[in-house]
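In: sequence-free structure coming up:
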Ligand code: LAC
């Protein structure tokens, strides 16, 4: 009769990898090129204020209990960014800039890293604050649909990461325990919250930055997705500590 081995069952063995989308697999600052077309020389500056405000609005709206979806938060944030930078934004420009957010580019190492994990038959998913439509469009437009078993949006919960219920949604949808899901994010606040939730966590620290001081440290830190994929392949069937 098989003996239930509790210890083994609780082992942090990677059985699936769940990725954050914006800033992790896809470069949010690829919208700077579109911003530059409309406001020459200001593209990156706009995109940085835009992204920061977009994140703040998701966190604030979760706290306020006033959820709007990610596309709405993105629209609200570009209006703030342009007002803050004294740039005149027409509704046509707003629409064109927000459409650029649906076509952000994957990082140069994204496709190869996903392929390497696919070849090792590791189920992959995205867990994002994006709306269902935003996630679908970004993934479709980049042609990377083949890589993912699941695209998981916070939309059904009407609350954004880092709320723990969002991380729990990944457990439910992947039908795995948190110990067996490696969560990968380049957003330190997201990696920190995911680690608190109980996922083994890999932080993609592309810019050699400091990790957030939120009371947890990532299980592993790498500088890009290629190194992450290599590390994961070396961890399969072992306990991640
Ligand atoms: C996401 C953002 C927060 O994809 O990066 O969820």
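Out: Arrived safely. This is a predicted model, so every value here is computed, not measured.
In: tell me, how many neighbours does the closest residue in space to residue 165 that isn't next to it in sequence end up with?
Out: Using CB to CB, 6 or more residues apart in numbering and skipping the chain neighbours, the partner closest in space to residue 165 is residue 157 (5.5 Å). Placement of C-beta: from N, CA and C, glycine included. Residues within reach of residue 157, counting by other CB atoms under 10 Å, total 15.
In: Now do the phi/psi pair for residue 157.
Out: Note on residue 157: backbone dihedrals following degrees, to the nearest 10 are phi -90, psi -20.
In: Was I right to think it contacts residue 163?
Out: Yes: Residue 157 is in contact with residue 163 according to CB atoms under 8 Å; the separation is 7.5 Å.
In: Show me which residues of the protein are close to the ligand?
Out: 20, 21, 22, 23, 128, 129, 130, 161, 187, 190 (CB under 6 Å from any ligand atom).
In: thought the third one was touching residue 30?
Out: I take that to be residue 22. No: with contact defined as CB under 8 Å, residue 22 does not count as touching residue 30 (10.8 Å).
In: just to revisit the earlier point, and the residue nearest to residue 165, how far from residue 108?
Out: Per CB to CB, to the nearest Å, residue 157 is found 32 Å from residue 108.
In: Following element in sequence after the helix of greatest length in the chain, please.
Out: Ordering each helix of the chain by length in residues (DSSP state H) puts helix 43-64 first. Toward the C-terminus, helix 43-64 is succeeded by helix 70-84 as the next helix or strand (DSSP states H and E).
In: follow-up on the earlier one: now neighbour count too, for the residues of the chain next to the ligand, in JSON lines please.
Out: Output for the residues of the chain next to the ligand, formatted as JSON lines (neighbours: other CB atoms under 10 Å):
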{"residue": "20", "neighbour count": "23"}
{"residue": "21", "neighbour count": "24"}
{"residue": "22", "neighbour count": "26"}
{"residue": "23", "neighbour count": "19"}
{"residue": "128", "neighbour count": "29"}
{"residue": "129", "neighbour count": "28"}
{"residue": "130", "neighbour count": "30"}
{"residue": "161", "neighbour count": "26"}
{"residue": "187", "neighbour count": "20"}
{"residue": "190", "neighbour count": "27"}
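In: quick one, strands of this structure?
Out: Using DSSP state E, the strands of the chain run over 16-19, 26-27, 105-106, 124-128, 150-153, 181-185, 201-204, 220-222.
In: in this structure, which ranges drop under the pLDDT threshold?
Out: The model of the chain has pLDDT under 70 over residues 1-11, 241.
In: let's go with 80 and repeat that
Out: Scanning the chain for pLDDT under 80 picks out 1-12, 237, 241.
In: so which of the strands of the chain gets nearest residue 83?
Out: strand 26-27 (24.9 Å; CB to CB).
In: To what extent is residue 216 buried, counted in neighbours?
Out: 16.
In: residues contacting the closest residue to it other than its chain neighbours?
Out: Excluding the flanking residues, the one nearest residue 216 by CB to CB, 6+ apart is residue 195, at 4.2 Å. By CB atoms under 8 Å, 6 or more residues apart in numbering, residue 195 lies in contact with 183, 201, 216, 217, 218, 219.
In: Pull the most distant pair out of those.
Out: Across the contacts of residue 195, the longest distance by CB to CB is 13.7 Å; it joins 183 and 217.
In: The two: which has the busier surroundings?
Out: Taking other CB under 10 Å, residue 183 and residue 217 do not tie; residue 183 has more neighbours (28 against 14).
In: so that one sits right up against residue 198, yeah?
Out: No: contact criterion CB under 8 Å: residue 183 and residue 198 do not qualify, at 9.6 Å.
In: so what sits against both of these two?
Out: The contact sets of residue 183 and residue 198 overlap at residue 167 (CB under 8 Å, 6+ apart).
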